[in-house]
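**Q** next input, structure requested:
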Amino acid sequence: MEFGVASVAAITVICYLAGLVVKATPWNNDSFIPIVCGAAGGLLGLAALYLPLPDFPAGDPLTATAVGIVSGLAATGLDQAKKQLNH
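**A** From the prediction side, this is the model:
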């Protein structure tokens, strides 16, 4: 099985957008951004398992959820890396 970079990257990008939406709310919800990104990633991982995506790197629901969660949390890490490099 090949590692499906495109499908995992897509989950990361969608979760990054979800984090930006949470950040754009008028009240301070920054502590919820990793939770939202992880949960959205888990759901997207499950969706990717059951949709006919080529080369998705999971064959069962538990692994698909884990791949999604890690991809979602990677979006939070990307945002923090961007912040650290800009300072």
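**Q** so what's residue 18 scoring on pLDDT?
**A** Looking at residue 18, its pLDDT is 94.
**Q** what's the first-to-last distance across stretch 26-34?
**A** 18 Å (C-alpha to C-alpha, to the nearest Å).
**Q** residues touching it, excluding its own?
**A** Residues from elsewhere that reach stretch 26-34 (C-beta atoms under 8 Å, 6 or more residues apart in numbering): 19, 22, 23, 73, 76, 79. C-betas here are computed from N, CA, C, even on glycine.
**Q** surely the fourth one touches residue 37?
**A** Yes: with contact defined as C-beta atoms under 8 Å, residue 73 reaches residue 37; the gap is 6.0 Å.
**Q** ok, the two, which is more surrounded?
**A** Per other C-beta atoms under 10 Å, whichever of residue 73 and residue 37 has more neighbours is residue 37, with 28 against 18.
**Q** so the more buried one touches residue 15, yeah?
**A** Yes: applying C-beta under 8 Å as the test, residue 37 and residue 15 come out as touching, 4.4 Å apart.
**Q** longest helix in this protein, please.
**A** helix 61-86 (DSSP state H).
**Q** now it: buried residues?
**A** Using 16 or more other C-beta atoms under 10 Å as the test for burial, helix 61-86 gives 64-65, 67-76, 79.
**Q** before we move on, back to that, identify the contacts common to residue 37 and residue 15.
**A** Common neighbours of residue 37 and residue 15 (C-beta under 8 Å, 6+ apart) are 72, 75.
**Q** ok so, going back, tell me the one among the contacts of stretch 26-34 nearest to residue 59.
**A** Using C-beta to C-beta, residue 73 comes nearest to residue 59 of those, at 21.5 Å.
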